[in-house]
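1. predicted structure and sequence below. I'll ask about it afterward.
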Amino acid sequence: MYSKDGERYFIVDAHIALWDARPENQRNIHGKQFIDCFYDYHRNLSPETEVWPYEDYLYYGADRLMKDLFEDGYVDHAIFQPALLSAFYTNGFGQTEDAFRLAAQHPDKLTYNHAFDPRHGEDGLVQLRRDAERFGLKGVKLYTAEWYGDSRGWKLDDPWAYRYLDACRELGITNIHIHKGPTIRPLDRDAFDVADVDKVATDFTDLNFIIEHCGLPRLEDFCWIATQEPNVHAGLAVAMPFIHTRPRYFAQIIGELLYWLDEDRIQFSSDYAIWTPKWLIEKFVDFQIPADMTEYAPLTTAQKKKILGLNAAKMYGIEVPAELRLADTPAVA
Amino acid sequence: MAAPADTLLVRARAALDSVLDPELDEPITDLGFVRSMTVDDGVLTVHLRLPTSFCAPNFAYLMAADAKEALTGLPGAGRVVVELDDHHDSEIVNRGLAADAGYRATFGAEAGDSLDELRAIFRRKAHTAAMERALTLLLRSDPDLTEHDLHRVTVADLPESREKQALLQRRAGLGLGVDGPEPVLVDPAGRPCPADQAAAYVRRARAVRISMDGNAHFCRGLLRTRYPESAADQAPRAGDRPLLPLISEARAS
């Protein structure tokens, strides 16, 4: 919970990770390239005071996660969105067992989402069913640029992906978080194209599709799809830190999202540990659309409350204390 | 006869000014993607660097192949070597470039037909973003004009500006007319905007421009973080101001 100027905000950090990118876990050079890429995002977009040493960034462990999110970071509830990256890391990038154990210890504070990869075919479907039961899955995180054998990516509208989404529907896994990354076969096409999101959102209207980093680098295509598909949501991961480095640019992103979607379909996340939530939340609560940007309406306190937590709480059925709800928001969806 | 090395390097840099990052619609030189250029015994060697190891390999290849093409045949250049550094596909791309293998042979099973359509998509997006910048500049300079009126704006109505010049270049690149009476607000295929759609058209164009600007912020910033020495090589992004000029500022200019 964060309070400022007499207002209190229920905070859901909808995208966090517990990773291990230490050299002993790197399977090959790509493991190093991947974490170095993350670390550059972290260094480039964090305030100087919030930059971690590289060694800490490789592996921070459960205790630090709990402190950064819940002691220092104002977060009431956070959702693991793991990337497994088995082609790059021997024991995976996201630490499934550690994260799940932590979520089991703190069910009021943490939700564990897992991942699937439709290229695992029938075996993967069996595994998804097991995972759904073991982890009590409400959501999954899909990374379409994961490497697997000779394949360096997949699309949501691949026939096998449809079978997995059918299974999600059956298993009550309703929240499908999608991270679009580069490298899709064939390389002739735009690797970040989000047209496959449009297709599955139309065909699975009872599932929510949360597009992480609001479709960036294809914000416009994402916005266009989201206007037509009411079950498509924006995750603010990666867009958030512009609030520090380029606040006027951040205003344009949030202004566009509010214009094309609506205030009920935007979710805050820090993308921890790429960034830490504390400063992002403080800055977002203080943030306002600059007065000279007349093409966008000012941000209201109610909109901030929804984005910072109430929207994700509603999607995940997270209990919100009565005093932190909006007048028209029920405790649980 | 070989030209003096320094003359050749000046020419080489000028040639690379014509190579664009298709997603950002900016020269690779201004972006700081040119890491080094050397001439040794008639061999011109250029190293390219990108903001992350995981930049999309198709765009990385396009820029590197375009760079080699732009440099090949420069007066004074004997052999031309272009290498992409520190990318997850450096080995594949560099092998393909060295052999002049072309896109399909470079990527093998991962390639389909060609990258022409991809390139065309981003040419259209670059035009859309340039169109939005020019029209928003006009909107801000004329308080009586609204987004709903923009279908009536012609090339002649646009005040002379860097934004207008940029737009005309992109129009010409797409084969769209650049004469005064041509309507400015068009769809990605170049068709004029219907009278009742002007606000929707310009709003979509704005989202394209904002997306492209955001990518440019990421790419430039990440490159400087990854290669601190690249900061000195980056030219300011054209139009990289906190926002398009305020009404008063646009009127004064």
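-> Okay, I see it.
2. any chance you could map the strands in the chain?
-> Just going to use chain A. Secondary structure of chain A (DSSP state E): strands located at A:2-4, A:7-9, A:12-16, A:77-80, A:110-112, A:139-143, A:175-179, A:208-211, A:232-235, A:266-267.
3. you looked at the wrong chain, it should be chain B
-> With DSSP E as the criterion, chain B has strands at B:20-21, B:26-27, B:34-40, B:43-48, B:79-84.
4. how many other residues sit next to residue A:321?
-> 11 (other C-beta atoms under 10 Å in any protein chain shown). Backbone N, C-alpha and C define where each C-beta goes, glycine included.
5. check contacts around it.
-> By C-beta atoms under 8 Å, 6 or more residues apart in numbering or on different chains, residue A:321 lies in contact with residue A:10.
6. and of the strands of chain B, who's closest to chain A?
-> strand B:20-21 (11.8 Å; C-beta to the nearest C-beta).
7. reformat the strands of chain A as a markdown table; add mean pLDDT.
-> A markdown table is the format used below for the strands of chain A (pLDDT from 0 to 100):
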| stretch | mean pLDDT |
| --- | --- |
| strand A:2-4 | 98 |
| strand A:7-9 | 97 |
| strand A:12-16 | 98 |
| strand A:77-80 | 98 |
| strand A:110-112 | 98 |
| strand A:139-143 | 97 |
| strand A:175-179 | 97 |
| strand A:208-211 | 97 |
| strand A:232-235 | 97 |
| strand A:266-267 | 98 |
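8. just put these in JSON lines and tack on mean neighbour count and distance to chain B.
-> JSON lines is the format used below for the strands of chain A (neighbours: other C-beta atoms under 10 Å in any protein chain shown; distance: least, C-beta to the nearest C-beta, whole Å):
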{"stretch": "strand A:2-4", "mean neighbour count": "15", "distance to chain B": "25"}
{"stretch": "strand A:7-9", "mean neighbour count": "16", "distance to chain B": "26"}
{"stretch": "strand A:12-16", "mean neighbour count": "28", "distance to chain B": "18"}
{"stretch": "strand A:77-80", "mean neighbour count": "26", "distance to chain B": "22"}
{"stretch": "strand A:110-112", "mean neighbour count": "24", "distance to chain B": "26"}
{"stretch": "strand A:139-143", "mean neighbour count": "24", "distance to chain B": "12"}
{"stretch": "strand A:175-179", "mean neighbour count": "23", "distance to chain B": "12"}
{"stretch": "strand A:208-211", "mean neighbour count": "24", "distance to chain B": "13"}
{"stretch": "strand A:232-235", "mean neighbour count": "26", "distance to chain B": "13"}
{"stretch": "strand A:266-267", "mean neighbour count": "26", "distance to chain B": "15"}
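9. as a markdown table, those strands with distance to residue B:93 would be great.
-> Formatted as a markdown table, the strands of chain A follow (distance: least, C-beta to C-beta, whole Å):
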| stretch | distance to residue B:93 |
| --- | --- |
| strand A:2-4 | 46 |
| strand A:7-9 | 47 |
| strand A:12-16 | 32 |
| strand A:77-80 | 35 |
| strand A:110-112 | 38 |
| strand A:139-143 | 23 |
| strand A:175-179 | 24 |
| strand A:208-211 | 29 |
| strand A:232-235 | 32 |
| strand A:266-267 | 37 |
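10. quick one on the thing from earlier: of the strands of chain B, flag the one that's most buried.
-> strand B:20-21 (a mean of 22; mean count of other C-beta atoms under 10 Å in any protein chain shown).
11. show me the shaky parts of the stretch 151-253 of chain B.
-> Low-confidence segments of the stretch 151-253 of chain B (pLDDT under 70): B:238-253.
12. contact residues of it facing chain A?
-> Within the stretch 151-253 of chain B, the residues that sit near chain A (C-beta under 8 Å from any C-beta of the partner chain) are B:203-204, B:206-208, B:210-211, B:213-215, B:217-218, B:221-222, B:224-226, B:242-243, B:246.
13. OK, contacts around residue A:134?
-> The contact partners of residue A:134, by C-beta under 8 Å, 6+ apart, come to residue A:100.
14. quickly note the distance from it to chain B.
-> Separation of residue A:134 from chain B (C-beta to the nearest C-beta, to the nearest Å): 31 Å.
15. correct me if wrong: residue A:31 contacts residue A:88.
-> Yes - at 4.2 Å, residue A:31 counts as touching residue A:88 under the criterion of C-beta atoms under 8 Å.
16. looking at the two, which is more packed in?
-> Between residue A:31 and residue A:88, residue A:88 has the larger neighbour count (other C-beta under 10 Å), namely 24 against 20.
17. so the more buried one makes contact with residue A:36?
-> No - Residue A:88 is beyond contact range of residue A:36, at 11.6 Å (criterion: C-beta under 8 Å).
18. give me the neighbour count for the closest residue to residue B:219 other than its chain neighbours.
-> Spatial nearest neighbour of residue B:219, chain neighbours left out: residue B:51 (4.7 Å); criterion: C-beta to C-beta, 6 or more residues apart in numbering or on different chains. By other C-beta under 10 Å, 25 other residues sit near residue B:51.
19. my guess is residue B:51 contacts residue B:216, does it?
-> No - the criterion here is C-beta under 8 Å, and residue B:51 misses it with residue B:216 at 10.5 Å.
20. quick one: buried residues of stretch A:224-243?
-> Within stretch A:224-243, the residues that count as buried by 16 or more other C-beta atoms under 10 Å in any protein chain shown are A:224-226, A:229, A:231-243.
21. could you do stretch A:92-105 as well?
-> Buried positions in stretch A:92-105, judged by neighbour count with 16+ other C-beta under 10 Å: A:92, A:93, A:94, A:95, A:96, A:99, A:100, A:102, A:103.
22. need the nearest residue in space to the third one, chain neighbours excluded.
-> When the adjacent residues along the chain are set aside, residue A:94 lies closest to residue A:82, with 2.9 Å between them (C-beta to C-beta, 6+ apart).
23. the one you found touches residue A:114, doesn't it?
-> Yes - using C-beta under 8 Å, residue A:82 makes contact with residue A:114 at a distance of 6.6 Å.
24. shared neighbours, these two?
-> In contact with both residue A:82 and residue A:114: A:96, A:141, using C-beta under 8 Å, 6+ apart.
25. just the helices in the stretch 151-253 of chain B please.
-> Ranges of helices in the stretch 151-253 of chain B, per DSSP state H, counting those that start in this stretch, are B:162-174, B:198-226, B:247-252.
26. most tightly surrounded among those?
-> helix B:198-226 (a mean of 21).
27. show me what it is packed against.
-> Contacts defined by 3 or more C-beta pairs under 8 Å, 6 or more residues apart in numbering or on different chains; DSSP states H and E place helix B:198-226 against helix A:29-45, helix A:219-228, helix A:242-245, helix A:247-260, helix B:28-31, helix B:116-141.
28. ok, which of those helices comes nearest residue A:284?
-> Taking C-beta to C-beta, helix A:242-245 is the member of the helices and strands packed on helix B:198-226 nearest to residue A:284, at 6.2 Å.
29. quick one: that closest one to chain centroid distance?
-> Helix A:242-245 sits 18 Å away from the centroid of its parent chain (C-alpha atoms, centre = their mean, to the nearest Å).
30. also stretch A:197-204?
-> In terms of C-alpha atoms, centre = their mean, the centre of stretch A:197-204 is found 19 Å from the chain centre.
31. got the CA positions of it in PDB?
-> Extracted as PDB, the C-alpha positions of stretch A:197-204 are listed here (Å, rounded to 0.1, in the frame of the first residue of the first chain):
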ATOM      1  CA  VAL A 197      -2.700 -11.700 -30.700                       C
ATOM      2  CA  ASP A 198      -5.700 -10.300 -32.600                       C
ATOM      3  CA  LYS A 199      -6.500 -13.800 -33.900                       C
ATOM      4  CA  VAL A 200      -6.400 -15.600 -30.500                       C
ATOM      5  CA  ALA A 201      -8.200 -12.800 -28.700                       C
ATOM      6  CA  THR A 202     -11.100 -13.200 -31.200                       C
ATOM      7  CA  ASP A 203     -11.100 -17.000 -30.900                       C
ATOM      8  CA  PHE A 204     -10.800 -17.100 -27.100                       C
END
